[in-house]
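S.K.: The sequence isn't on hand, but the structure is:
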(Lines give C-alpha, C1' and ligand atoms only; values in the text may rest on other atoms or scores of the structure.)
Protein backbone atom coordinates (compact mmCIF):
# COMPACT_ATOMS: atom_id res chain seq x y z
CA UNK A 1 0.00 0.00 0.00
CA UNK A 2 1.40 3.40 -0.90
CA UNK A 3 1.24 6.29 1.53
CA UNK A 4 -1.87 8.47 1.61
CA UNK A 5 -1.09 11.89 0.14
CA UNK A 6 -2.19 14.95 2.09
CA UNK A 7 -4.80 17.09 0.33
CA UNK A 8 -3.39 20.60 -0.03
CA UNK A 9 -6.77 22.29 0.47
CA UNK A 10 -7.38 20.40 3.71
CA UNK A 11 -3.87 21.15 4.94
CA UNK A 12 -4.59 24.89 4.60
CA UNK A 13 -8.01 24.79 6.31
CA UNK A 14 -7.67 22.35 9.22
CA UNK A 15 -5.23 21.63 12.03
CA UNK A 16 -5.04 19.09 14.82
CA UNK A 17 -5.30 19.87 18.53
CA UNK A 18 -3.08 18.26 21.13
CA UNK A 19 -5.74 15.64 21.90
CA UNK A 20 -6.16 14.72 18.21
CA UNK A 21 -9.36 16.60 17.44
CA UNK A 22 -9.62 18.58 14.20
CA UNK A 23 -9.82 22.37 14.43
CA UNK A 24 -11.46 24.57 11.80
CA UNK A 25 -12.36 28.20 11.16
CA UNK A 26 -15.88 29.59 10.86
CA UNK A 27 -17.21 30.70 7.49
CA UNK A 28 -18.87 34.10 6.76
CA UNK A 29 -16.16 36.23 8.39
CA UNK A 30 -14.36 37.58 5.31
CA UNK A 31 -16.62 40.24 3.77
CA UNK A 32 -20.05 41.93 4.05
CA UNK A 33 -19.39 42.48 7.74
CA UNK A 34 -21.32 45.75 8.16
CA UNK A 35 -24.72 44.09 8.49
CA UNK A 36 -23.49 41.49 10.99
CA UNK A 37 -23.64 42.23 14.71
CA UNK A 38 -20.51 42.60 16.82
CA UNK A 39 -21.42 39.48 18.77
CA UNK A 40 -21.81 37.45 15.58
CA UNK A 41 -18.49 38.67 14.13
CA UNK A 42 -16.70 38.01 17.42
CA UNK A 43 -18.02 34.45 17.59
CA UNK A 44 -17.07 33.83 13.95
CA UNK A 45 -13.49 34.91 14.67
CA UNK A 46 -12.86 32.02 17.07
CA UNK A 47 -11.99 28.56 15.85
CA UNK A 48 -14.31 25.56 16.21
CA UNK A 49 -13.99 21.80 16.15
CA UNK A 50 -15.01 19.62 13.23
CA UNK A 51 -18.11 17.53 13.93
CA UNK A 52 -17.43 13.98 15.05
CA UNK A 53 -19.20 12.58 11.97
CA UNK A 54 -16.69 14.31 9.64
CA UNK A 55 -13.59 13.97 11.81
CA UNK A 56 -12.38 10.66 10.35
CA UNK A 57 -12.87 11.94 6.79
CA UNK A 58 -10.81 15.07 7.41
CA UNK A 59 -8.09 13.11 9.23
CA UNK A 60 -7.83 10.73 6.29
CA UNK A 61 -7.40 13.67 3.90
CA UNK A 62 -4.76 15.12 6.26
CA UNK A 63 -2.79 11.89 6.00
CA UNK A 64 -3.26 10.67 9.59
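M.R.: Looks like it arrived, so ask away. This one's a predicted model, so the numbers in the text were calculated from it and none came from an experiment.

S.K.: and the longest helix along the chain, what does it pack onto?
M.R.: Assignment by DSSP state H gives helix 52-62 as the longest helix of the chain. With contacts defined as 3 or more CB pairs under 8 Å, 6 or more residues apart in numbering; DSSP states H and E, helix 52-62 has these neighbours: helix 8-13, strand 22-25. For the C-beta atoms, the positions are set from N, CA and C on the backbone; glycine is no exception.

S.K.: buried ones in that helix?
M.R.: For helix 52-62, the neighbour count (16 or more other CB atoms under 10 Å) marks 58-59, 61-62 as buried.

S.K.: Which two of those residues have the greatest separation?
M.R.: Distances among the buried residues of helix 52-62 were taken as CB to CB; the most separated pair is 59 and 61, at 7.4 Å.

S.K.: on that earlier part again, want to try JSON lines for the helices and strands packed on helix 52-62, with mean neighbour count and distance to residue 37 as columns?
M.R.: Below are these laid out as JSON lines (neighbours: other CB atoms under 10 Å; distance: least, CB to CB, whole Å):
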{"stretch": "helix 8-13", "mean neighbour count": "12", "distance to residue 37": "25"}
{"stretch": "strand 22-25", "mean neighbour count": "16", "distance to residue 37": "19"}
